[in-house]
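Participant: What would the 3D arrangement of this be:
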Amino acid sequence: MIETFERAAEALPLEEGFGDVEIVAHRAVRHGRTTALTLIVDRPSGVDVELCGRVASRLNVALEAEGDEYTLEVESPGLERPLLRPADYERFRGRPVRAVTTVPVDGQKTHRGTLAGVRGLAVVLTNPKGVETLLPLDAIKTANLEFDPREDLRRAKQERRASR
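Facilitator: Numbering: from 1, shown residues only. I've put the predicted structure just below:
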């Protein structure tokens with residue numbers, strides 16, 4: 001069951017109609033006779049209920065052949081999307097980020113700043129004063145985008161102006 005789920009999830013972006021869908025994360029947990037399956041998806045234009053339904057329907061086709069009991073959740077990464085791969089740190093360059101490290105870096109384990117990408121084997125965060133902090137990739141426990149509604153409104157306003 002779990003192997004079928006992982007294969008179907010990894011193959012999803014290669015299928016017709018799902019080419020722009022990114023698999024952010026997937027997990028499977030056994031609970032007695034049932035397996036709880038979760039798939040987190042994203043795409044450049046955003047995730048909506050219709051996309052989650054289409055993805056769930058596609059995965060159900062592969063999973064129902066197994067005959068095992070399962071629950072399936074397909075969800076968006078949310079406003080505070082996790083950053084899991086080095087490519088994520090490049091893709092979301094310029095966005096506010098909160099990162100927690102396994103060891104102290106510059107005397108602290110929790111770091112906030114604007115994402116400036118990846119340099120070598122480190123993620124670069126810039127604070128409001130322009131000071132850079134280099135966080136070793138292998139020391140990052142968790143990293144997420146930070147949602148600031150004021151910044152989001154400002155960015156939307158700039159995008160509307162630019163499209164005129």
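
Participant: how far away is the residue sitting furthest away from the middle of the chain from Arg58?
Facilitator: Distance from the C-alpha centroid of the chain peaks at Arg164, with 30.8 Å (C-alpha atoms, centre = their mean). Look at Arg164 and Arg58: by C-beta to C-beta, to the nearest Å, they are 38 Å apart. (Glycine included, C-beta is placed from N, CA and C.)

Participant: likewise Arg7?
Facilitator: Taken as C-beta to C-beta, the span from Arg7 to Arg58 is 13 Å.

Participant: likewise Gly107?
Facilitator: 48 Å.

Participant: Could you check which of the two has the larger neighbour count?
Facilitator: Legend: neighbour count by other C-beta atoms under 10 Å for Gly107 and Arg58, higher for Arg58 (18 against 5).

Participant: C-alpha coordinates for the helix or strand Thr35 falls within, CSV please?
Facilitator: Element membership for Thr35 (DSSP states H and E) is strand 34-42. The C-alpha trace of strand 34-42 is given here as CSV (Å, rounded to 0.1, in the frame of the first residue of the first chain):
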residue,chain,number,x,y,z
THR,A,34,-5.8,1.4,8.2
THR,A,35,-3.0,3.5,6.6
ALA,A,36,-3.3,7.3,6.8
LEU,A,37,-1.9,8.8,3.6
THR,A,38,-1.2,12.5,3.2
LEU,A,39,0.0,14.2,0.0
ILE,A,40,0.9,17.9,0.0
VAL,A,41,0.8,19.5,-3.5
ASP,A,42,1.6,22.9,-4.9
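
Participant: got the buried residues for the helix or strand just after it?
Facilitator: Beyond strand 34-42 in the direction of the C-terminus, DSSP H and E gives the next helix or strand as helix 49-64. Within helix 49-64, the residues that count as buried by 16 or more other C-beta atoms under 10 Å are Leu51, Cys52, Val55, Ala56, Arg58, Leu59, Leu63.
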